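sequence and predicted model, in that order:
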Amino acid sequence: MPLAAADWPMAQSVEQIAANLATVRQRIADACARAGRDPASVRLLPVSKTVDDARIRMAVAAGCHELGENKVQEAQRKAEAMADLGVHWSVIGHLQTNKARYVARFASEFQALDSLRVAEALQQRLQLEDRTLDVFVQVNTSAEPSKYGLEPDAVGDFVQQLPAFDRLRARGLMTLAVFTPEVERVRACFVRLRELRDQLQCYAPAGLDLSQLSMGMSGDFEVAIEEGATVHVAFEDLGTLKPLLLAQGWQLKVLQAGVDPLDDAEAAELLVVLGGPISANDTETYPFVTDSIALLQRRLQQQRPTLGICLGAQLMARALGASVVASGGKEIGFAPLLLTDDGQRSPLQALQGIPVLHWHGEGFELPPGARRLASTPACRHQAFAIGQHALGLQCHPELDARQFERWLIGHTLELAQAGIDPNDLRAQARRYGAPLAAAATAMFDHWLQDLPEMPR
């Protein structure tokens, strides 16, 4: 996260620079505390723009061993003049192809990659220098014509080309927020970058790391910290199930898979495993998938109440010994379930004839010993049950239509690739949201009432 320090008092000594750094780091720690984030996950990158060599040497003595610079040739001059200091230089400004040779010689990092022409130029020069370079893809989240960077909708296709440039090591995305005192407009830029990152992690080529977010400067870095606080995709949550659980007296605790320890989920009276934009087969890329499957195996063997929705149902199926396979196409939109005889006798009967949200490209095979409850023309296995304690739903009856816009924003690239118009989905959500909420509440209530008796 680059931090420009132009508005801090001009320090005249190592001690003054150290004091300024301590102030900034305290503000970082405070912002992390508000966001529930580890301060160690935030990287501070002071920028040396317009700063003379003597003061840079003082900054290094005060503990700054990574520095950013906007202008390529100025960065190279400083790198050569202070080669004895071992500084890692990050070029954070726009790069013309004819200056790629400079970056290839000295920079450790380039944070403004926004064209294949620049990628090709860097690749050629890095091969000659026998070096590699960490890069961030610059995204124009503010839609300002004066700013460089790819449009958000173009980033997906761009990153698909990056594996061809083996000298470039992708590290994440970078953006410059709109320059305004209106905090919410600034925040929107950071939210857009985070949501884009989360979406790209589903579709990026294997081995391509886009996990880091470089965003925030001296005037807005605290907002950037708050919005870069988690890799959880915020558009899938308990939806209309949440008020029902609270009304029945359940105490809720949310765990972010891959971020939070799952120990508390082991003995939970009820575990609800929700959806997410990854595959239940992504055990190599996302180790928490393996941990989640093992957790579900233990819970299901103990017949502890467990509900899985979308990815959650797929993880349950894998825990029970079934496969998760590609569906042959995306099923995205609202359609009613076709209930089996077992489904007609189950809580899902409340959903009869009600269009339910479907959003998946993979599906589960029926686990051994499970009862198949529902299907759609595009998906043979939409729901299964094991006894009274386990229910897996490929669909999304929990959808709260009032929060549906988060889904559309979070799945921007997926919708574009599938050729689906978000306006059509919006119209469906407005039409079916209320009847779905009522039917789903009745269905979940029935299932909860039928759970094996357990102490609260």
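Now that the structure is in, tell me what you want to look at.

check contacts around the nearest residue to D450 once chain neighbours are set aside.
Nearest non-adjacent residue to D450, counting by C-beta to C-beta, 6 or more residues apart in numbering: Q388, 5.3 Å away. No exception for glycine: its C-beta is placed from N, CA and C like everyone else's. For Q388, the contact set (C-beta atoms under 8 Å, 6 or more residues apart in numbering) comprises 450-452.

my guess is Q388 is in a strand, correct?
No. Under DSSP: H, G, I helix; E, B strand; the rest coil, Q388 sits outside any strand and is assigned coil.

H446 in helix, strand or coil?
Under three-state DSSP, H446 comes out as helix.

now the helices for the stretch 351-456 of the chain?
404-410, 412-418, 422-449 (DSSP state H, counting those that start in this stretch).

next one: the last one to chain centre, how far?
Relative to the chain's own centre, helix 422-449 is displaced by 25 Å; criterion: C-alpha atoms, centre = their mean, to the nearest Å.

avg pLDDT for the longest strand that the chain contains?
In the chain, taking DSSP state E as the definition, the longest strand is strand 324-335. Regarding strand 324-335, the rounded mean pLDDT is 91.

what about K49, how many neighbours?
For K49, the count of nearby residues is 17 (other C-beta atoms under 10 Å).

any idea how many residues pack against the closest residue to it other than its chain neighbours?
Using C-beta to C-beta, 6+ apart and skipping residues adjacent in sequence, the residue nearest K49 is N70, 5.2 Å away. When counting by other C-beta under 10 Å, one arrives at 16 neighbours for N70.

next one: P347
P347: 21 neighbours (other C-beta under 10 Å).

spatially nearest residue to it, not counting backbone neighbours?
The nearest residue in space to P347 (C-beta to C-beta, 6+ apart) is H446, at 3.7 Å.

Q248 too?
L448 (6.5 Å).

how many residues are close by that neighbour?
Neighbours of L448 (other C-beta under 10 Å): 17.

tell me how far it lies from L270.
Distance, L448 to L270, using C-beta to C-beta, to the nearest Å: 8 Å.

closest to A119 out of the contacts of Q388?
Distance to A119, by C-beta to C-beta, is smallest for L451 among these, at 54.6 Å.

mind listing what the closest one touches?
L451 touches 270, 305, 388-389, counting by C-beta under 8 Å, 6+ apart.

top of the residues you listed by neighbour count?
That'd be P305 among those, by other C-beta under 10 Å, with 21 neighbours.

ok, that one to E129 distance?
For P305, the distance to E129 - C-beta to C-beta - is 59 Å.

swap in L252?
54 Å.

if you count surrounding residues, which of those two has more?
For L252 versus E129, neighbours defined as other C-beta under 10 Å are more numerous around E129 (15 against 10).

which non-adjacent residue is nearest the more buried one?
E129 sits nearest to A104 (C-beta to C-beta, 6+ apart), 5.0 Å away.

that neighbour: how many residues sit nearby?
23.

average model confidence for the host helix or strand of it?
Assigned by DSSP states H and E, A104 belongs to helix 100-106. For helix 100-106, mean pLDDT rounds to 95.

which elements pack onto it?
helix 72-81, helix 116-129 (3 or more C-beta pairs under 8 Å, 6 or more residues apart in numbering; DSSP states H and E).

tell me what angle whichever helix or strand comes after that helix forms with helix 116-129.
Per DSSP H and E, helix 100-106 leads on to strand 109-113 as the next helix or strand towards the C-terminus. Strand 109-113 and helix 116-129 are oriented at 160 degrees to each other (axes from the mean of the first three to the mean of the last three C-alpha atoms, to 10 degrees).

by contact count, what packs against strand 109-113?
strand 88-91, helix 116-129, strand 133-138, strand 168-174.

and the contacts of stretch 238-254?
Against stretch 238-254 from outside (C-beta under 8 Å, 6+ apart): 264, 268-270, 272, 274, 396, 398-400, 403, 437, 440-441, 444-445, 448, 456.

returning to what we had before: C-alpha coordinates for the helix holding A104, PDB please?
Output of helix 100-106 as PDB, limited to C-alpha atoms (Å, rounded to 0.1, in the frame of the first residue of the first chain):
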ATOM      1  CA  ALA A 100      11.300   0.100 -19.900                       C
ATOM      2  CA  ARG A 101      15.000  -0.500 -20.200                       C
ATOM      3  CA  TYR A 102      15.600   1.700 -17.100                       C
ATOM      4  CA  VAL A 103      13.000  -0.100 -15.000                       C
ATOM      5  CA  ALA A 104      14.500  -3.500 -16.000                       C
ATOM      6  CA  ARG A 105      17.900  -2.500 -14.700                       C
ATOM      7  CA  PHE A 106      17.200  -1.400 -11.200                       C
END
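
which positions in that helix come out as buried?
100-104, 106 (16 or more other C-beta atoms under 10 Å).

and which of these is nearest A121?
Checking those against A121 by C-beta to C-beta gives A100 as the nearest, at 3.7 Å.

find the nearest non-adjacent residue to the closest one, please.
A121 (3.7 Å).

contact partners for that neighbour?
Applying C-beta under 8 Å, 6+ apart to A121 gives the contacts 97-98, 100.
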